[in-house]
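Engineer: Structure for this input, please:
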Amino acid sequence: MQELLRIPADDVHIEGLLELPTGAHGLVLFAHGSGSSRHSPRNTHVARVLHAQGSGTLLLDLLTLSEDLDYHTRFDISLLTHRLLLATGWVRLHTPASRHLPLGYFGASTGAAAALQAAAALGEDIQAVVSRGGRADLAGAHELAKVRAPTLLLVGGADSEVLQLNRVAYGKLQCEKELSVIPDATHLFEEPGALDEVARQAADWFGRHWK
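Structural biologist: Take a look at the predicted model:
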């Protein structure tokens, strides 16, 4: 099934594309990075691989179009986390087809920080987290230490600054964790085969941790 959702979030509505393969084992909520959207070809590619492996996806736009034009709003991790938590709760209440599925988060860039903060807030209600080229460090040391969901940090080997920031964040995580470096890949994983490897590892991570 495929459905476009309009989710109330304070005084606005945010949109998300829900897709569930037959017999889905879990649902992954995508938190996009700054300047991106649910139409991101990279995250759409990952979502297709997840579908093939039996995971449903909800590709979310955590900001409205006008909010996303504001540089400061795009980097407001607290706001992004708040919206992701609202979307998570709304899906639990209002989408019967996915209501009882285990939940995971997939975050890219600043969306990874929001995913980790939301996972810290929800504890064992989140089964797994994957970060793609994410700014996990922006979640903050206190919140990173509270994350209980098994967390996979995927970073390009040629994305040196983000790789170093992820190594610092990795050291703060107290959960089951893995830092996977995709050789020679840059920040957007545009090199041949790089995004395929991201998708493969993400699908494997979620598949291993659905309960």
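
Engineer: after the helix or strand of the chain with the lowest mean pLDDT, next one along is what?
Structural biologist: Of all helical and strand segments in the chain, the minimum by mean pLDDT, DSSP states H and E falls on helix 71-74, at a mean of 81. Next helix or strand after helix 71-74 toward the C-terminus (DSSP states H and E): helix 77-94.

Engineer: Tell me which other helices or strands that following helix touches.
Structural biologist: With contacts defined as 3 or more C-beta pairs under 8 Å, 6 or more residues apart in numbering; DSSP states H and E, the packing partners of helix 77-94 are strand 2-9, strand 12-19, strand 26-31, strand 55-60, helix 110-122. Just so you know, the C-beta spots here come from the backbone N, C-alpha and C atoms, and that holds for glycine as well.

Engineer: Give me the distance between it and the centre of its chain.
Structural biologist: Helix 77-94 has its average C-alpha position 12 Å from the chain's average C-alpha position, going by C-alpha atoms, centre = their mean, to the nearest Å.

Engineer: what does stretch 93-111 give?
Structural biologist: The chain centroid and the centroid of stretch 93-111 are separated by 9 Å under C-alpha atoms, centre = their mean.

Engineer: Name the residues of that stretch that are buried.
Structural biologist: By neighbour count on 16 or more other C-beta atoms under 10 Å, the buried set for stretch 93-111 is 95, 98, 101-111.

Engineer: Any regions of the protein where pLDDT drops low?
Structural biologist: Under the criterion pLDDT under 70, the flagged ranges of the chain are 34-37, 39.

Engineer: buried residues in the least confident helix or strand of the chain?
Structural biologist: Within helix 71-74, the residues scored as buried using 16+ other C-beta under 10 Å are residue 74.

Engineer: Also stretch 62-79?
Structural biologist: 62, 63, 67, 68, 74, 76, 77, 79.

Engineer: One more: stretch 40-49?
Structural biologist: With the criterion 16+ other C-beta under 10 Å, stretch 40-49 contains buried residues 40, 42, 43, 46, 47, 49.

Engineer: got it, and stretch 159-179?
Structural biologist: For stretch 159-179, the neighbour count (16+ other C-beta under 10 Å) marks 159, 162, 163, 165, 166, 169, 170, 172, 173, 175, 177, 179 as buried.

Engineer: Output that stretch as PDB, nothing but the C-alphas.
Structural biologist: What follows is stretch 159-179, C-alpha atoms only, in PDB (Å, rounded to 0.1, in the frame of the first residue of the first chain):
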ATOM      1  CA  ASP A 159      33.800  12.500   3.800                       C
ATOM      2  CA  SER A 160      36.600  13.200   6.300                       C
ATOM      3  CA  GLU A 161      35.000  15.900   8.400                       C
ATOM      4  CA  VAL A 162      31.700  14.100   8.900                       C
ATOM      5  CA  LEU A 163      33.600  10.900   9.500                       C
ATOM      6  CA  GLN A 164      35.600  12.400  12.400                       C
ATOM      7  CA  LEU A 165      32.400  13.900  13.900                       C
ATOM      8  CA  ASN A 166      30.700  10.500  13.700                       C
ATOM      9  CA  ARG A 167      33.700   8.800  15.400                       C
ATOM     10  CA  VAL A 168      33.200  11.300  18.300                       C
ATOM     11  CA  ALA A 169      29.400  10.600  18.400                       C
ATOM     12  CA  TYR A 170      30.100   6.800  18.200                       C
ATOM     13  CA  GLY A 171      32.100   7.100  21.400                       C
ATOM     14  CA  LYS A 172      29.200   8.700  23.200                       C
ATOM     15  CA  LEU A 173      26.700   5.900  22.300                       C
ATOM     16  CA  GLN A 174      26.100   3.300  25.000                       C
ATOM     17  CA  CYS A 175      23.800   1.000  22.900                       C
ATOM     18  CA  GLU A 176      24.600  -1.700  20.500                       C
ATOM     19  CA  LYS A 177      26.400   0.200  17.700                       C
ATOM     20  CA  GLU A 178      28.400   0.000  14.500                       C
ATOM     21  CA  LEU A 179      30.300   2.600  12.500                       C
END
